[in-house]
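Novice: Predicted model follows, preceded by the sequence.
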Amino acid sequence: MSLKFPDGFTFGYATSSYQIEGAVHDDGRTDSVWDTFCREPGRIADGSSGDTACDHYRLWPSDLDLLKSLGAGAYLFSTAWPRVMAGSKPNPAGLDFYSRLVDGLLERGITPFIKLYHWDLPQALQDKGGWINRDTASRFADYAAVTVRRLGDRVKRWVSHNEPWCVSMLGSQIGNFPPGHRDLKEALLVGHHLLLSHGMAADPIRAMGGAGTLYGYAPNYVPAYPATDRDEDIQAARRFEGYFNNWFIDPVFGLGYPEEMVRYYGSLVPEIKPGDMEAIAVVPDFLGINYYNSSVIHHRSGDWKPEIEDVPMPGVWKTADRDVWAPGLYDTLKAVNDRWKPKELFVTENGAATLDPEPENGTVADPDRVRYFREHLPEVLRAVNAGIPVKGYFAWSLMDNFEWDKGYTLRYGVTHVDFKTQKRTVKQSGHWLSELYRTKTLP
Ligand code: IFM
């Protein structure tokens, strides 16, 4: 097996606006649902918020130098809807920020990939119902048009949604993301409108972006393995994949909602208006997959959803918040390719939270994160060598940042951030990864 990634394979790092930017009240940015959520007592593990985060809004020039020094050929970041739009109108100062960022990337030879939605919905839209209001999908298409009109001359890779399962299910079924509800019916309606907005934004993006524009979609994917070979466990694992993966991907590839899940959910399935499924079926030019972990599933009777059982599998080990099973990344890429046959695939997120020590001698020893990447990158190359059209890989994340409901208690960066001083220190994993990115070869 060749240890070298093909020429033209893209290596980069991913971040998101609310997790790194800070400056939540600068230059006309209005509140997002996360600003509001963080102010509610008990929502965030350490009571923190993204108010300052990595102060990237101010420190972006040196952060782009950091990216360059870490061997990035591409950078996947998100624009913040409440920074780009002032209500229904564009906010020029917010757009200027992203325009400078894009220029800065291009000056350094780094290709920008932009995600339009990594969860920071304007609070003003939440006040009108948020994603349970069908109109939010139209507002998303407006925001997409404004963003692409301004940046589309220089940015050719656009992603509609990052991890729509999280927005739907963590927000409205499990309740640890905004709006913090626990109602599966609502969660499925949210999901329907997210999917609809992916479809509705396609025309404006392609029209504004012009020649060479590629439109992507980046769900998270968790492959499910049955805990035993009993039929009920096998069925439960299939159901988990329907719930977590297929529900959010089948429709954009024109397959509609998975039949099995439609039967399973019954009256919870949202009202589908005539033309909705056709509108959603905008096959992405490239599919991004965010992969962190796999699940072992066993059937639990009487429950709507199979339970995830922590069944020890040989070779599974743990980071600070997840089980690690690197072959699951290959299985994911293969399953995705078999089921949807995307033209191009990218791993748009992959990474680990570990309990890192403080910086010492100019670096941070994070052997478990190095191990994580050392185990996962070969699985990507295995997929490439098997003929699966994987074109790039983005590590999560460029630097430690605000990890949502876990606040700053979990660190995912390959660069350590001292949140008091904003000093950045490249961890051993950053050095390891940048060497691989430079040589495009597995060590
Ligand atoms: O930090 C998140 C990111 O925002 C979405 N995907 C998973 C990451 C780590 O939990």
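Specialist: Arrived safely. Numbering: from 1, shown residues only.

Novice: show me what contacts residue 441?
Specialist: 3, 4, 5 (CB atoms under 8 Å, 6 or more residues apart in numbering). Heads up, the C-betas are built off the backbone N, CA and C, glycines and all.

Novice: go with 6 Å
Specialist: Applying CB atoms under 6 Å, 6 or more residues apart in numbering to residue 441 gives the contacts 3, 4.

Novice: is it in a bridge, and if so with what?
Specialist: residue 4 (DSSP bridges).

Novice: That one and the ligand, how far apart?
Specialist: Distance of residue 441 to the ligand, given as CB to the nearest ligand atom, to the nearest Å: 27 Å.

Novice: where does that residue land on pLDDT?
Specialist: Predicted confidence (pLDDT) for residue 441: 97.

Novice: Find the centremost residue of the chain, please.
Specialist: Nearest to the mean C-alpha position of the chain, by CA atoms, centre = their mean, lies residue 162 at 4.0 Å.

Novice: Now that residue, what are its backbone angles?
Specialist: The phi/psi pair for residue 162 (degrees, to the nearest 10) reads phi -100, psi 120.

Novice: How about residue 349?
Specialist: Per degrees, to the nearest 10, the backbone of residue 349 is at phi -150, psi 140.

Novice: quick one: low-confidence ranges for this protein?
Specialist: 1, 301-312 (pLDDT under 70).

Novice: what residue of it is the furthest out?
Specialist: Largest centroid distance in the chain under CA atoms, centre = their mean is residue 230 at 33.5 Å.

Novice: Would you mind measuring from it to residue 50?
Specialist: The spacing between residue 230 and residue 50, counted by CB to CB, to the nearest Å, is 45 Å.

Novice: again, but for residue 409
Specialist: 14 Å.

Novice: Same drill for the two, tell me which one is more crowded.
Specialist: Comparing residue 409 with residue 50 by neighbour count (other CB atoms under 10 Å), the higher total belongs to residue 50, at 27 against 15.

Novice: so who does that one touch?
Specialist: Residues near residue 50 by CB under 6 Å, 6+ apart: 18, 402.

Novice: got it, and residue 30?
Specialist: Going by CB under 6 Å, 6+ apart, residue 30 touches residue 82.

Novice: pretty sure it belongs to a strand, no?
Specialist: No. Counting by DSSP: H, G, I helix; E, B strand; the rest coil, residue 30 is not found in a strand; it is coil.

Novice: For it, grab phi and psi.
Specialist: Torsion angles, degrees, to the nearest 10, at residue 30: phi -110, psi 170.

Novice: Not counting its neighbours along the chain, what's nearest whichever residue of the stretch 1-150 of the chain sits closest to the ligand?
Specialist: The minimum distance from the stretch 1-150 of the chain to the ligand, using CB to the nearest ligand atom, falls at residue 16 (5.1 Å). Nearest residue to residue 16, sequence neighbours excluded (CB to CB, 6 or more residues apart in numbering): residue 118, at 3.7 Å.

Novice: just residue 386 next, same as before
Specialist: residue 334 (7.1 Å).

Novice: and if you look at residue 207?
Specialist: residue 145 (7.9 Å).

Novice: Neighbours of that neighbour, how many?
Specialist: Residue 145: 19 surrounding residues under other CB under 10 Å.

Novice: any idea which element it lies in?
Specialist: helix 135-151 (DSSP states H and E).

Novice: who touches that helix?
Specialist: By CB under 6 Å, 6+ apart, helix 135-151 touches 79, 81, 84-85, 90, 95, 102, 116, 125, 193, 196-197, 200-201, 204-205, 208-209.

Novice: Among these, name the ones in helices.
Specialist: 81, 84, 95, 102, 125, 193, 196-197, 200-201, 204-205, 208-209 (DSSP state H).

Novice: Residue 440: which of the residues you listed is nearest?
Specialist: residue 102 (24.8 Å; CB to CB).

Novice: surely that closest one meets residue 110?
Specialist: No. Using CB atoms under 6 Å, residue 102 makes no contact with residue 110, being 9.8 Å away.

Novice: My guess is residue 218 contacts residue 287. True?
Specialist: No. Residue 218 lies out of contact with residue 287 (CB under 6 Å); the separation is 7.6 Å.

Novice: Beta-bridge partners for residue 112, please?
Specialist: residue 75.

Novice: What strand or helix carries the residue lying closest to residue 57 once chain neighbours are set aside?
Specialist: Spatial nearest neighbour of residue 57, chain neighbours left out: residue 23 (3.5 Å); criterion: CB to CB, 6+ apart. In the assignment (DSSP H and E), residue 23 maps to no helix and no strand.

Novice: same deal with residue 425?
Specialist: Residue-wise, residue 425 maps onto strand 424-426 under DSSP H and E.

Novice: which is the next helix or strand following that strand?
Specialist: helix 428-439.

Novice: Which secondary structure elements does that following helix sit against?
Specialist: Counting by 3 or more CB pairs under 6 Å, 6 or more residues apart in numbering; DSSP states H and E, the packing neighbours recorded for helix 428-439 are helix 367-385.

Novice: Now do the buried residues in the helix it packs on.
Specialist: 368-384 (16 or more other CB atoms under 10 Å).

Novice: Also stretch 216-233?
Specialist: So stretch 216-233, judged by 16+ other CB under 10 Å, has buried residues 216-227, 233.

Novice: swap in stretch 50-62?
Specialist: 50, 52, 53, 54, 55, 56, 57, 59, 60.

Novice: Let me see the contact set for the second one.
Specialist: Same thing as residue 52. residue 22 are the contacts of residue 52 under CB under 6 Å, 6+ apart.

Novice: how near is residue 273 to the ligand?
Specialist: Residue 273 is 30 Å from the ligand, where distance means CB to the nearest ligand atom.

Novice: Now that residue, what are its backbone angles?
Specialist: The phi/psi pair for residue 273 (degrees, to the nearest 10) is phi -80, psi 160.

Novice: That one: neighbouring residues, count only.
Specialist: 11.

Novice: same thing with residue 421?
Specialist: Neighbourhood size, residue 421 [other CB under 10 Å]: 7.

Novice: same question, residue 146
Specialist: Counted with other CB under 10 Å, residue 146 comes out at 22.

Novice: And residue 4, by the same measure?
Specialist: 12.

Novice: Residue 295 now?
Specialist: Residue 295: 22 neighbours (other CB under 10 Å).

Novice: Tell me how far it lies from residue 223.
Specialist: Per CB to CB, residue 295 is found 7 Å from residue 223.

Novice: again, but for residue 430
Specialist: For residue 430, the distance to residue 223 - CB to CB - is 28 Å.

Novice: returning to that earlier point: hmm, residue 218 and the residue nearest to the centre of the chain touching each other?
Specialist: Yes. Using CB under 6 Å, residue 162 is in contact with residue 218, at 4.9 Å.

Novice: and this structure, which of its residues are near the ligand?
Specialist: Residues of the chain found near the ligand (CB under 6 Å from any ligand atom) are 16, 19, 163, 290, 349, 396, 403, 412.
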